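# Predicted model follows, preceded by the sequence.
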Amino acid sequence: MKKVLIFAPTAPSSGITQYILNILGELDIADMRVDILSFCNDRLKKWAETHGAEYFEFNISMYKHPFLYRHFLKNVFSKGYDAVHFNLSGLSTLSIFRIAKKYGTKKIIMHSHSSFTDLPSKLRRIVFSNLHKALRVFANRYYDVKCACSVPAAEWMYGKKQAQNALILNNAVDTGKFAYSAKNAEEIRTKYGVKTEYLIGHVGRFTVQKNHSFLIDTFSELCKIRNDCTLMLVGNGELLESIKNKVNALNLNDRVIFVGFQEDLYKYYSAMDLLLLPSLFEGLPITLIEAQANGLSALVSDAVTGECDLTGLTEFYPLSEGAAQWARRISEMLKNGTEHKTDVSELLCQSGFSLASQAKVISKLYFE
């Protein structure tokens, strides 16, 4: 029986967590044991407990407690894993790879999920970005397999030259589960008391990356030119309170709905008329794949890779145009109609974004 360890130091509500759960739900684990190493992730912990796997809680700082850090990882990697699947957005150390190799890991699979670092402080982003770029020069020697969710994510993790050899693993979704449902749309609109004709949505953690401040500025401008829209924000994160304060300062409390993190996202997409994603950077947002499976149109920033438009439902728009112009473009899109398209699942499957096809690719990585 193959022994695999998935390393995912990510928040329970992150896209990386959802991606891992999606794949685990489709993998045939009869001939393998899959353990998980993560940081306080109750969703991944629940999966491990449900499936009789080990869940390792990793909350030791290498810089504050170097001995404990090495001792903990030694105990984990000494269990003899055939493969360790690292799911990361950036590099801050090489020691974890050294320890993994030293204590018996047969194959290291690196999987890049982002194209930049998502830290709240600008200074920390600069420091971490420079550290990451310095480390990746040496990190490539530890990887047996290099993977990424998109070309920009591969270039960020491995450098442009090394990225050419990276395997792109698509952020696949259950196309049937996310298909549009009029019943779900009515349920969500009724639950939150949405009375306006249009419900504009955003799904994502409240972090610098997702650019919520610009999103609120855009919606404020939209409210100046039309009064038939409500904004729904799905997610949580460290910047949630500051965004709530901004909504309050702009007197938009009666037009903006905060619903927190939701596991039944497929219902929320059905209730939306348009998805907005003004991100400053992305790997390849699983949100956009879910929205397309739902047949939902989206307006996204030009910082998002064009690889994510699989159905023609995604429009890319420059952030440099500013909030007022974004608002005018949203108004035009609503005027032209944003009815859900219900026949796009086949396009996603043909593009390799079905869970079944991706699970086969990952299973092959584990077993080869």
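Ah, there it is.

# hey, where'd the helices end up in the stretch 1-150 of the chain?
For the stretch 1-150 of the chain, applying DSSP state H, counting those that start in this stretch gives helices covering 15-26, 42-50, 66-77, 95-102, 122-139.

# any idea which of those is most buried?
helix 15-26 (a mean of 20; mean count of other Cβ atoms under 10 Å). From N, CA and C alone the C-beta is placed, and that goes for glycine too.

# And that one, what does it pack against?
strand 2-8, helix 42-50, strand 83-88, helix 286-293, helix 355-367 (3 or more Cβ pairs under 8 Å, 6 or more residues apart in numbering; DSSP states H and E).

# Please identify the most buried of those.
helix 286-293 (a mean of 27).

# So which elements touch the following helix or strand past that helix?
Note on helix 286-293: by DSSP states H and E, the next helix or strand toward the C-terminus is strand 298-301. On a contact count with 3+ Cβ pairs under 8 Å, 6+ apart, strand 298-301 meets strand 274-277, helix 286-293, strand 314-317, helix 322-336.

# neighbouring contacts of the longest one?
What it means is helix 322-336. 198, 200, 214, 217-222, 224-226, 229, 273-274, 276, 278, 297, 299, 315, 317, 321 (Cβ atoms under 8 Å, 6 or more residues apart in numbering).

# ok, now the second one?
With Cβ under 8 Å, 6+ apart as the test, helix 286-293 has contacts from 15, 18-19, 170-175, 177-179, 203-204, 265-266, 269, 275, 277, 298, 300, 304, 308-311, 313-314, 344-345, 348, 353.

# quick one: buried residues of the lowest-mean-pLDDT helix or strand in the chain?
In the chain, no helix or strand scores lower on mean pLDDT, DSSP states H and E than helix 345-350, which sits at a mean of 83. For helix 345-350, the neighbour count (16 or more other Cβ atoms under 10 Å) marks 345, 347-349 as buried.

# Let me know the closest of those residues to Asn184.
Minimum distance to Asn184 across those is 15.9 Å, recorded for Ser345 (Cβ to Cβ).

# my guess is the closest one contacts Val173, does it?
No - counting by Cβ atoms under 8 Å, Ser345 stays clear of Val173, with 9.8 Å between them.

# Of all the helices and strands packed on strand 298-301, which one comes closest to His132?
Closest among the helices and strands packed on strand 298-301, using Cβ to Cβ: helix 286-293, at 22.1 Å.
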